[in-house]
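K.L.:
Model the following, please.
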Amino acid sequence: MAHTAEWLPISTAPTHESLELCVMDYNGIVQVLKYPCHKDGPEWVDASYKEDVYIQPTHWRKWTERQGL
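P.N.:
The predicted structure is shown next:
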């Protein structure tokens, strides 16, 4: 099942909602995280394990459960 939601700027990300995030790696390549995160103030939290993640996301879209993951 393909995810068709449009990516939105990280500046518009809602708080306390599970999100799919894009991050830029050390080589400048944009990657999609394989786990949901949510914004808690200025910090990001892994929504599954409730642990802080130290990332600087660039874009977001609403997390949806996908088959096969």
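
K.L.:
Show me what stretch 38-54 is in contact with.
P.N.:
For stretch 38-54, contacts defined as CB atoms under 8 Å, 6 or more residues apart in numbering pick out 13-19, 21, 35-37, 55, 57, 63. (C-beta placed from N, C-alpha, C; glycine too.)

K.L.:
model confidence over it, on average?
P.N.:
Stretch 38-54 shows an average pLDDT of 93 in the prediction.

K.L.:
how far does that stretch sit from the chain's center?
P.N.:
Relative to the chain's own centre, stretch 38-54 is displaced by 10 Å; criterion: CA atoms, centre = their mean, to the nearest Å.

K.L.:
got the buried residues for it?
P.N.:
Within stretch 38-54, the residues that count as buried by 16 or more other CB atoms under 10 Å are 38-39, 44-45, 47, 53.

K.L.:
now, which of those residues sits nearest Tyr26?
P.N.:
Nearest to Tyr26 among these: Val53, at 15.6 Å, using CB to CB.

K.L.:
about what we covered before: reformat the buried residues of stretch 38-54 as a markdown table; add distance to Leu8 and secondary structure.
P.N.:
Shown next, in a markdown table, are these (distance: CB to CB, whole Å; DSSP: H, G, I helix; E, B strand; the rest coil):
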| residue | distance to Leu8 | secondary structure |
| --- | --- | --- |
| His38 | 15 | strand |
| Lys39 | 13 | strand |
| Trp44 | 15 | strand |
| Val45 | 19 | strand |
| Ala47 | 17 | coil |
| Val53 | 19 | strand |
